[in-house]
Each structure stands twice: as structure tokens, then as C-alpha cells.
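Peer 1: using only what follows, build the 3D model:
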Amino acid sequence: ELTMPQTTRRTFLQSSAAIAAGAGSLSGLSRIASAQAANKNGEIGIGVIGVGGRGNALAQGFDSAEGANVVAVADPDASRAGKAAEQYKAKAYADMRELLEDPNVDAVAIATCNHWHCLAAIWAMEAGKDVYVEKPLSHSQWEGRQVVNAARKYKKIVQLGTQQRSDPMQAEVKKFLHEDQALGKVLYAQANRLGPRGSIGKRETPLPIPQEIDYDTWLGPAQDEPLYRNSFHYDWHWDWNTGSGEMGNWGVHVLDDVRNVAYQDSVTTPKRILSCGGRVAWNDAGDSPNVHYVYFDTGSFPTIIALSNLNKSPEKRGGWDSKANRPMTGPGSGYVVACEGGYYLGQRGSGKAVDKDGKEIRKFKGGDINGLHKKNFIEAIKSRDHSHLNAEVETGHDSTGWCNLANVASRVGGAFDGQVAGSIAPDFEPWHMLLEDMRTNLKPFGITINSGEIKMSPILTHNPETELFEGDHAFGANELLKRKYRKGYEVPEIS
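Peer 2: Now for the predicted structure:
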């Protein structure tokens, strides 16, 4: 039974306006007809849902990929939809529900705001489409599981946009670390996202919604709340109502790499989590942390993450250092696999192995991850075998889960308690040194770790089988595993 509601007259009229803007003229319509003819000649027709910066990159990639053709675009911003339709000679819709009814669309690429990812993916599968969905898979862990269930129920090909999974370099690195044991036993992993960003501002009055946007459709599952940031687009990332913060942005990529390269996917989600951090220094309208340090206990070797969007100081640009007592800090957006005989430093497109003193042992060079990831998706659609996918939806659900759980921990945080922070891993020196690094990096901003601005979660116990928190502090954390949906935009429970 379909859960997708019917398109309203309002969205139909807006969609029609977007189509006219996209086609532009009779010659535009003829180009659309040519694209649809190509679709009928054996190419996979792609509908791109959300054509902002990332959506346009996906559209460009799929439109130039062998065996695929962009035939439709949808965006509640009618001007964006129209421009994209003209660029890719595609049909434009303001409402994705109309795109999903288009018989020329075989598969969709979803690049909406995070809060739309799961509902859009489920609607697409219900409509018979295969799905490529940008990371993070989900805005909450419960809804991510419903997407996995839908993929199995409807037998659809669903790939997550964690494109590093398609880099041939990853197989070389795993062989080097695990088969060859070139650096010895893995001791721990540290992921980093030490990338400066800026304040999103804090208005005294709510931000006016741009006239060209169908705001009800844009909101979808999210609550209708006033916005006090300065810009409408992109900065939804830092609002819990629509985004997942930096942890759900770059965090998914680097933690997915850790799961893939260091754990070889032997671990789904962590068993215990401790989060430290907060949104500091900016006094803006954002909710999500701009400093977020987390310890993950997997039952195997420890994993830690250092995330900061602050500069070195208010006067000095550049990302934070986070050595955790190693001879090097590691990539600013990447990860370190610490081994008995040295370290592997990995990031998008490259990697290197060094000895215990930091001397280089071997370099690794990445491939065309964006092209290869789309090619992998197209080939899996043709074979109808989801096991051929490099970032199949359940793998993506697990990697996104680390970030969702870290965000839950952040949201249930209270005052920083050094004794509790140390007790989760009393003998694991890198965690203690990582917290010391955080203290040092906060000093130029006049912030101490005990000032009240830095929050710390209790130690949360998580059951990877049930995907629920257990024991002390479970109730408040479990409340955040599923969001409250607006009427008409509920993510359905799929069994």
C-alpha cells in the first residue's frame, strides 16, 4: 500500500510553472523529448530530487555517465528546478511526488535537506524507483531502518552517497593493513573533521521565506518553526529540525572510512558512546555542535573522533590540531589507523603509511570516486543484485548510525565531568590526550572545558541488535531515535 499522499492543486500549479521555466521554449520541450527518447533506448532515466549545489553535482555526474540520462528534476525552489531543467534538458517539477509518477524516471538521486532523505527514498521505492541517496542516510536512526526495510520489501537497489567506498585505493589499503599486516595489529582509530566554518548569524526577527520556494513542501517531515539564521539555503545543516550538524555531514564520510578500512565492516554500530562538545564562540542561531569529540566503544579496538569548525583562534585562520600524543595530527578531514608498528593516515583521494616516528613508508593514490560510485550504482540497477553495491543501504545505515548516536549523545548532554569522561576508557591514553587537545584548542576563545559551554553526555549503552539504548539514561536518548513528523509527511513503519 502506498503511503505517498496525493499532490495538491497548489503544488501542481507550482510544478507547472517550474516546467515552463525549465523548458523555456518549444525547442526546450523538444530537448526534453530527446532525453526521454534516449531513456527508451536503453539508458536508465534519472530523476534528481533537490538541485542545490550537491544535487547539481549529482545531476552532472549521472548525465555524463554511460548508461544513464537525467530526464527529470524536482525542487521546491522553482527557480532552481527551472535552471536545472534547462541545463540538463530535463522535465522540471516543484513537487517530487509528480516526478515519482513520471514513467521516464527509473531511478532517483536524492540530494534534499537531510530531514527529507528517508521519506523521499521510501516514496521513490513505493513508486517503483531505485534510489541513490546522499549521506547521511537518515535524520534519525529509526527512519534509516525503515529505508533498509523498504529496500528489502520492494527489492530495490539503494546506494548511499559515501563515494569513498568506490575508490580502488580502499582495497589496497585494507590488504596492506589486514592481509599483509604491514603495520602490525590495529590498536585504535581516530577520525577527524577539523574544518573551519563561520557563524550563521542570529536575527532578531524570523527570516522571511524566499517567494520562489514552496515552503510547505520544503519543510516536509520537519516542524514549522521560525528561522533566525541569516541565509535560507545550506545553513539548515546546523538546525536539528532539518540537519544533522557536522557529525552528520563530514562525520559520515570519515566514520564510514573507519568502518570500511579499519574494521572491514565487522562492526555495525558502537555499544557505548560518550560525547563532549557544544556550539561555542559564535552565539548564532545554530543548534548543532561546532566542537564535538566522541569516544565509541565497539567491543573491538577503540574509536574516537575529533570534530571542530572553529579556527585556531579568533585572529588566526586554520583548523585545529589533534595529535592525541602521536607524532602527527593526521588529516584534517580523514582518519588515523594506529597500529603497533606505525600509522595509516587516510583521507579522500590519498593515504600514506608512516612508522612510529612519522617517517613515510608507503603512499596510496585514489581514483575517480564520484564517477566510479555512480557507475557502480548503474551497474547494480542493470544486474538487479544489491550485493554488487559498494555502499548498499544497510552499510550506509550502519555508518550513518555512528553519527546519529553521537548526535543523540550530544543532545542529552549536561555539565562536563572529568571523572566520567575518563572512566569510559581509563587506560586508553589517546582519549585522555584528545580531551587535553580540546582544552588547549579552546583556550584562545576564552573557553575552559568546565565553563558550562562544553557539554558532556552520560555514558550511553547501545544495543546494535535492537538499535535501542539500554540501562541508565536510556529513556531520554531513545526519545531522540525517532523524530516527530508533520501531518502528511510521516515516515511509515515498514515491516
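Peer 1: buried set for stretch 350-368?
Peer 2: For stretch 350-368, the neighbour count (16 or more other CB atoms under 10 Å) marks G351, K352, A353, V354, F364, G366 as buried. Any C-beta I mention is one placed from the backbone N, CA and C, and that applies to glycine too.
Peer 1: closest one to L100 out of those residues, please.
Peer 2: Closest approach to L100 among the buried residues of stretch 350-368 (CB to CB): G366, at 34.5 Å.
Peer 1: residues contacting that closest one?
Peer 2: D167, P168, M169, R348, G349, S350, G351 (CB atoms under 8 Å, 6 or more residues apart in numbering).
Peer 1: what about the nearest residue to it once chain neighbours are set aside, how many residues nearby?
Peer 2: Spatial nearest neighbour of G366, excluding adjacent residues (CB to CB, 6 or more residues apart in numbering): G349 at 3.9 Å. G349 has 15 neighbours, counted by other CB atoms under 10 Å.
Peer 1: which members of the buried residues of stretch 350-368 are positioned in strands?
Peer 2: Here DSSP state E is the test, and those give G351, K352, A353, V354, F364 as lying in strands.
Peer 1: just flag the most distant two among those residues.
Peer 2: V354 and F364 (12.1 Å).
Peer 1: list the buried ones in whichever strand or helix holds E143?
Peer 2: According to DSSP states H and E, E143 maps onto helix 141-154. For helix 141-154, a neighbour-count test (16+ other CB under 10 Å) marks Q141, W142, E143, G144, R145, Q146, V147, V148, N149, A150, A151, Y154 as buried.
Peer 1: need those in TSV with distance to N407 and pLDDT, can you?
Peer 2: TSV is the format used below for those (distance: CB to CB, whole Å; pLDDT from 0 to 100):
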residue	distance to N407	pLDDT
Q141	10	98
W142	13	98
E143	14	98
G144	13	98
R145	16	98
Q146	18	98
V147	18	98
V148	19	98
N149	22	98
A150	23	98
A151	23	98
Y154	29	98
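Peer 1: could you look up the SS state of L310?
Peer 2: coil (DSSP: H, G, I helix; E, B strand; the rest coil).
Peer 1: what's the local residue count around it?
Peer 2: 23.
Peer 1: and it, what does it touch?
Peer 2: By CB under 8 Å, 6+ apart, the neighbours of L310 are P196, V280, A281, N290, V291, W320, N441, F445.
Peer 1: one more pass at 10 Å, please.
Peer 2: 194-198, 280-282, 290-291, 319-320, 441-442, 444-445, 447 (CB atoms under 10 Å, 6 or more residues apart in numbering).
Peer 1: from G245, how far out is it?
Peer 2: Remark: distance between L310 and G245 (CB to CB, to the nearest Å) = 14 Å.
Peer 1: tell me, what's touching these two both at once?
Peer 2: With CB under 10 Å, 6+ apart as the test, L310 and G245 both reach N290.
Peer 1: now do the strands in the stretch 351-495 of the chain.
Peer 2: Along the stretch 351-495 of the chain, the stretches classed as strands by DSSP state E, counting those that start in this stretch are 360-365, 414-415, 455-456, 460-463, 468-470.
Peer 1: now mean pLDDT too, for those strands, in TSV please.
Peer 2: Converted to TSV, the strands of the stretch 351-495 of the chain look like this (pLDDT from 0 to 100):
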stretch	mean pLDDT
strand 360-365	98
strand 414-415	96
strand 455-456	97
strand 460-463	98
strand 468-470	98
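Peer 1: which of those strands sits closest to A121?
Peer 2: strand 468-470 (22.5 Å).
Peer 1: look at the residue lying closest to K155 once chain neighbours are set aside and report its pLDDT.
Peer 2: Among residues not flanking K155 along the chain, R384 sits closest, at 7.8 Å (CB to CB, 6+ apart). pLDDT for R384: 97.
Peer 1: spit out the contact partners of R384.
Peer 2: Counting by CB under 10 Å, 6+ apart, R384 has contacts D130, K155, K156, I157.
Peer 1: got a ChimeraX select line for the buried ones in those residues?
Peer 2: Buried subset of the contacts of R384, written as a ChimeraX selection, criterion 16+ other CB under 10 Å:
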select :130,156,157
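Peer 1: rebuild the contacts of R384 as JSON lines, extending it with distance to P206.
Peer 2: Formatted as JSON lines, the contacts of R384 follow (distance: CB to CB, whole Å):
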{"residue": "D130", "distance to P206": "39"}
{"residue": "K155", "distance to P206": "44"}
{"residue": "K156", "distance to P206": "39"}
{"residue": "I157", "distance to P206": "41"}
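Peer 1: from the contacts of R384, which ones fall inside strands?
Peer 2: Using DSSP E, these in strands are D130.
Peer 1: so which of the contacts of R384 comes closest to I304?
Peer 2: I157 (34.2 Å).
Peer 1: contacts only, for the closest residue to the closest one other than its chain neighbours.
Peer 2: In space, and not counting its chain neighbours, I157 is closest to D130: 4.2 Å by CB to CB, 6+ apart. Counting by CB under 10 Å, 6+ apart, D130 makes contact with 44, 46, 105-109, 124, 151, 154-159, 377-378, 380-381, 384, 386.
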